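Visitor: Using only what follows, build the 3D model:
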Amino acid sequence: MAKKASFKSSARSRRKLRRRKIEVRKKEFMYHGLSIEELQKLSIEELLPLLPSRIRRSLTRGLTKRQDKLLHDIEQSEKGDVIRTHLRDMVILPSFVNHIIDVYNGNEFQRVSIQPNMVGHYLGEFALTRKKVKHTGPGVGATRSSKFMPLK
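Guide: A predicted model of the protein is given here:
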């Protein structure tokens, strides 16, 4: 009898623990041990050792005139301004975080809100160029066998 009572009380205490609100702390973003504020204080030369090799190589060669202009426009703009660009090959730097950029995908501009976890990627990775395929029934140009659909 004593065992049942202890089982009931332990189950009751577990239910109470589940009901309590658990405080969830938002995990702060870290990139190679540095917060986004620390990354934004670094110059491009100081940031290079932290980046992947492909991006490091493209930045050591230097930015093109168009990429340099985009970087300047982003630094001059305020947080709510939308910047339009065709530069899909631009590397996302820490100074881009919390900005909104419209990236051209070959057909239209897609809005990309830059988050801290996007640092070190290319802008083109977030503006997809291909649509998802949506298959329907047979239509014009279908094969001979599928051209005749049974009527209900």
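Visitor: how about L70, what does it touch?
Guide: Under the criterion of C-beta atoms under 8 Å, 6 or more residues apart in numbering, the neighbours of L70 are I83, T85, L87, M90. Where C-beta positions appear, they are placed from N, C-alpha and C, glycine not excepted.
Visitor: Could you double-check that the second one lies in contact with A127?
Guide: No: under the criterion of C-beta atoms under 8 Å, T85 makes no contact with A127, lying 9.8 Å away.
Visitor: Starting from G106, give me the distance back to L51.
Guide: Using C-beta to C-beta, to the nearest Å, L51 is found at 27 Å from G106.
Visitor: which one of these two has more residues nearby?
Guide: A count of neighbours by other C-beta atoms under 10 Å puts L51 above the other of L51 and G106, at 19 against 9.
Visitor: contacting residues for that one?
Guide: By C-beta under 8 Å, 6+ apart, the contact list for L51 reads L59, V91, G120.
Visitor: Type out the ChimeraX command that picks the buried ones from the contacts of L70.
Guide: In ChimeraX, this line selects whichever of the contacts of L70 come out buried by 16 or more other C-beta atoms under 10 Å:
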select :85,87,90
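Visitor: In strands, which of the contacts of L70 appear?
Guide: I83, T85 (DSSP state E).
Visitor: Can you lay out the contacts of L70 as CSV showing pLDDT?
Guide: Formatted as CSV, these follow (pLDDT from 0 to 100):
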residue, pLDDT
I83, 95
T85, 95
L87, 95
M90, 94
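Visitor: Closest to T136 out of the contacts of L70?
Guide: Checking these against T136 with C-beta to C-beta, the nearest one is T85 at 34.9 Å.
Visitor: May I have the beta-bridge partners of that closest one?
Guide: Beta-bridge pairing of T85, defined through DSSP bridges, involves V103.
Visitor: What separation do you get for it and I55?
Guide: Distance, T85 to I55, by C-beta to C-beta: 18 Å.
Visitor: Under the pLDDT cut-off, which ranges of the chain? List them.
Guide: Along the chain, segments meeting pLDDT under 70 span 1-8, 20-25, 138-152.
Visitor: Nearest spatial neighbour of the residue nearest the centre of the chain, chain-adjacent residues omitted?
Guide: Central residue of the chain (C-alpha atoms, centre = their mean): M118, 5.2 Å from the mean position. Nearest residue to M118, sequence neighbours excluded (C-beta to C-beta, 6 or more residues apart in numbering): I92, at 4.9 Å.
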